[in-house]
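Colleague: Let me see the structure of the following:
(chains A, B, C and D)
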There are 2 protein chains.
Amino acid sequence: MEGVAAIMHESRDKTNSRTNLTRKVNTHVSVDCVIFGFKDSNLEVLVIERKVPVPLVGEGALALPGNLIFEDEDLDQAAERVLKELTNLDEIFLEQFKSFGNPNRLDKKEDQEWLKFIRTVPEARVITVAYYALIQVDKYQPSAAGFATQTRWIPISDIPNLAFDHNEICEEALKQLRSQVYRRPLVFELLPEMFSLAELQSVYEVITQASLDKRNFRRKILGTGFIKETSQKQIGVAHKPAQLYRFDEDLFEKSEGSFVSF
Amino acid sequence: MEGVAAIMHESRDKTNSRTNLTRKVNTHVSVDCVIFGFKDSNLEVLVIERKVPVPLVGEGALALPGNLIFEDEDLDQAAERVLKELTNLDEIFLEQFKSFGNPNRLDKKEDQEWLKFIRTVPEARVITVAYYALIQVDKYQPSAAGFATQTRWIPISDIPNLAFDHNEICEEALKQLRSQVYRRPLVFELLPEMFSLAELQSVYEVITQASLDKRNFRRKILGTGFIKETSQKQIGVAHKPAQLYRFDEDLFEKSEGSFVSF
DNA sequence: TCAAAAGTGTTCAAAATACACCCATGT
DNA sequence: ACATGGGTGTATTTTGAACACTTTTGA
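Modeller: Predicted coordinates:
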């Protein structure tokens, strides 16, 4: 997902007082975001529906949120801005993982047709810098804006054909997430502030596609010392309510980033 | 290191029959390569000296090999080509790891002065896609070409100020190498076909900055099953010659990529 | 009272660590 | 004969893996 449409409305970004109307677009480089959320015990990806004069259905109607960068902004800033402009998401975990530059990546017929509506030079080559993001689904409500008409969560096991090379980008993002999940405390970006150990285990299981032993998991995760019990318990469940825990970032920092693996 | 100078001589790339003279340069995107070699029991990085009318000494004279991409080539192809054009290195391990897009990354005075000699639009913003490479120093002889006047190996502990944001790029490449060295068989790209276990251990130690127990190392590394004894021994050493081993790629593939860690 | 998930320990096997001496070779 | 690095085994500790029943709650 890239396009100049986003410059048709002002940015609310407080860090830059210039409006997007006066900013020069770099028509050769874009950013795309793969946003992961943990929903219904599943890992899902947030996609947008593209706004077009003649609505596309099925094939190619969906895309990752992404757009061209501005000449005066850093890549990380661009990713934050674009994400905000298309989905209203803000201040979430966002990290660059790979760039994609196949010269033919925008050449599919339906993609070209769409680019004709939103680009000054639809046939131009664009390389894209891809980011992955992690969000707590309950805390943030994505809402479509810019050239996105809707946002939609899609389970990663069930992703349809997306625009451009966005399926490949999703695949790579997943690989990245999987390879990092045991080296860094990423899972806590996907969970609410307080969570049960069963939920925590479930996030690990969903991401790594492996099933874990409950007792061993609890022993090890509590053994790290930075998962702390809170005074809260689950409410409204039809069974014994689970104790809730939180991730203590300070304790984690002090423990020198040594993390767990299963 | 980027510039249009490379298009002033033909590519010898057999995979593309068009000469570089007829290819259109993408003036907004470059590739840069951080080439690691294992020399004198040390990890070193290959840099080039920049060709300039008035030779620069000290500050900013050295840079990573890199250049602008062509409009019709993939990022990986561009990295291979540029590496070949500036250092004559070919068919070595090369992998993208991060893109750098600070809008001011080319703005230092000495860098701008240099860009004036090699660029049509020296003040243009360029984002660069960085690659890291691993080479067996005995097998390949880098030799300067294009706008490089010399190539030089520099120990990673002793890297001077480089052009542009190339110090930052080196740092990130090292991080990447360190984080992957125990997950993938990268070390064998740095060693000759046959090597002693002491050399192998030393590569791990140099990359991770940790010292390992000789007996435990040998037990574990042989325990993987894909480090195979050869019939050769070291020659010309003033002590008991070490048995030489090789990395068996087929056995590694079959062992499902499960690697060691220390 | 029942259904549903929470919570809890022990045993065994495997892997990690720590550690010191003799050996083969070239000079 | 000596200097240099090569090569080897064991004991201890730590970590990983497998495994089943009781408890608490809401409906």
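Colleague: residues from chain A in reach of chain B?
Modeller: Neighbours of chain B within chain A, by C-beta under 8 Å from any C-beta of the partner chain: A:26, A:28-29, A:69, A:71-75, A:78, A:96, A:98-103, A:125, A:127, A:129, A:179, A:183. Placement of C-beta: from N, CA and C, glycine included.
Colleague: Return the subset of the residues you listed lying in strands.
Modeller: Those of those mapping onto strands are A:26, A:28-29, A:69, A:96, A:98-100, A:127, A:129, per DSSP state E.
Colleague: neighbour-wise, which of these leads?
Modeller: residue A:69 (30 neighbours; other C-beta atoms under 10 Å in any protein chain shown).
Colleague: residue boundaries of the helices in the stretch 101-250 of chain A?
Modeller: Counting by DSSP state H, counting those that start in this stretch, one finds helices in the stretch 101-250 of chain A at the ranges A:109-118, A:166-180, A:197-208, A:214-223, A:249-254.
Colleague: got TSV for the ones you listed, with mean neighbour count too?
Modeller: Listed next are these as TSV, based on neighbours: other C-beta atoms under 10 Å in any protein chain shown:
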stretch	mean neighbour count
helix A:109-118	17
helix A:166-180	18
helix A:197-208	18
helix A:214-223	13
helix A:249-254	12
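Colleague: Tabulate those helices (TSV), appending mean pLDDT and distance to DNA strand C.
Modeller: Listed next are the helices of the stretch 101-250 of chain A as TSV, based on pLDDT from 0 to 100; distance: least, C-beta to the nearest atom of the strand, whole Å:
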stretch	mean pLDDT	distance to DNA strand C
helix A:109-118	89	42
helix A:166-180	98	19
helix A:197-208	97	3
helix A:214-223	96	3
helix A:249-254	92	20
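Colleague: Among those, which comes closest to residue B:255?
Modeller: With C-beta to C-beta as the criterion, residue B:255 lies closest to helix A:166-180 of these, at 18.4 Å.
Colleague: Which strands or helices does the closest one pack on?
Modeller: On a contact count with 3 or more C-beta pairs under 8 Å, 6 or more residues apart in numbering or on different chains; DSSP states H and E, helix A:166-180 meets strand A:25-39, strand A:93-100, strand A:127-135, helix A:197-208.
Colleague: residues in contact with the residue nearest to residue A:233 when sequence neighbours are not counted?
Modeller: Leaving aside its chain neighbours, residue A:233 sits nearest to residue A:241 (4.3 Å; criterion: C-beta to C-beta, 6 or more residues apart in numbering or on different chains). If you count contacts by C-beta atoms under 8 Å, 6 or more residues apart in numbering or on different chains, residue A:241 has them with A:233-235.
Colleague: Got the confidence number for residue A:241?
Modeller: pLDDT for residue A:241: 96.
Colleague: Most neighbours among the contacts of residue A:241, please name it.
Modeller: Ranking the contacts of residue A:241 using other C-beta under 10 Å puts residue A:234 first, with 16 neighbours.
Colleague: pretty sure that residue contacts residue A:244?
Modeller: Yes - counting by C-beta atoms under 8 Å, residue A:244 is a contact partner of residue A:234 at 6.7 Å.
Colleague: can you list residues touching both of the two?
Modeller: residue A:196.
Colleague: Can you pull the residues of chain A lying near DNA strand D?
Modeller: Within reach of DNA strand D by C-beta under 7 Å from any atom of the strand, chain A has these residues: A:213-216, A:220, A:236-241, A:261-262.
Colleague: closest to residue A:227 among those?
Modeller: With C-beta to C-beta as the yardstick, the closest approach to residue A:227 among those comes from residue A:220, at 10.1 Å.
Colleague: and chain A, which residues reach DNA strand C?
Modeller: So far as C-beta under 7 Å from any atom of the strand goes, chain A lies against DNA strand C at A:196-198, A:214-216, A:218-219, A:237-243.
Colleague: For chain A, which helix or strand comes out least confident on mean pLDDT?
Modeller: helix A:109-118 (a mean of 89; mean pLDDT, DSSP states H and E).
Colleague: and it, what other elements does it pack with?
Modeller: Partner elements for helix A:109-118 (3+ C-beta pairs under 8 Å, 6+ apart): none found.
Colleague: orientation of it relative to helix A:166-180 in degrees?
Modeller: 100 degrees (axes from the mean of the first three to the mean of the last three C-alpha atoms, to 10 degrees).
Colleague: quick one, what contacts the residue nearest the centre of chain A?
Modeller: Central residue of chain A (C-alpha atoms, centre = their mean): residue A:35, 1.4 Å from the mean position. Contact analysis of residue A:35 by C-beta under 8 Å, 6+ apart lists A:45-46, A:65, A:83, A:87, A:89, A:92, A:132-135, A:142.
Colleague: Closest one of the residues you listed to residue A:253?
Modeller: residue A:134 (18.7 Å).
Colleague: Starting from residue A:198, give me the distance back to that closest one.
Modeller: From residue A:134 over to residue A:198 the distance is 20 Å, taken as C-beta to C-beta, to the nearest Å.
Colleague: same check, this time on residue A:220
Modeller: Residue A:220 is 15 Å from residue A:198, by C-beta to C-beta.
Colleague: Also residue A:37?
Modeller: On the measure of C-beta to C-beta, residue A:37 and residue A:198 end up 18 Å apart.
Colleague: By proximity to chain B, which residue of the stretch 101-250 of chain A wins?
Modeller: Closest contact between the stretch 101-250 of chain A and chain B, by C-beta to the nearest C-beta, is at residue A:101 (3.8 Å).
Colleague: and that residue, what does it touch?
Modeller: A:127-128, B:29, B:69, B:74-75, B:78, B:129.
Colleague: Any idea how far the least confident helix or strand of chain A is from the middle of the chain?
Modeller: Its chain's C-alpha centre and that of helix A:109-118 lie 24 Å apart, by C-alpha atoms, centre = their mean, to the nearest Å.
Colleague: now do the same end-to-end measure for stretch A:86-93.
Modeller: 16 Å (C-alpha to C-alpha, to the nearest Å).
Colleague: Tell me how far that stretch lies from the chain's centre.
Modeller: The answer for stretch A:86-93 is 9 Å, by C-alpha atoms, centre = their mean.
Colleague: Need the mean per-residue confidence for it.
Modeller: Rounded mean pLDDT across stretch A:86-93 is 94.
Colleague: now what about it, what contacts it?
Modeller: For stretch A:86-93, using C-beta under 8 Å, 6+ apart, the contacting residues are A:1, A:6, A:35, A:46, A:48, A:65-67, A:80, A:83-84, A:133-135, A:140-148, A:151, A:186, A:189.
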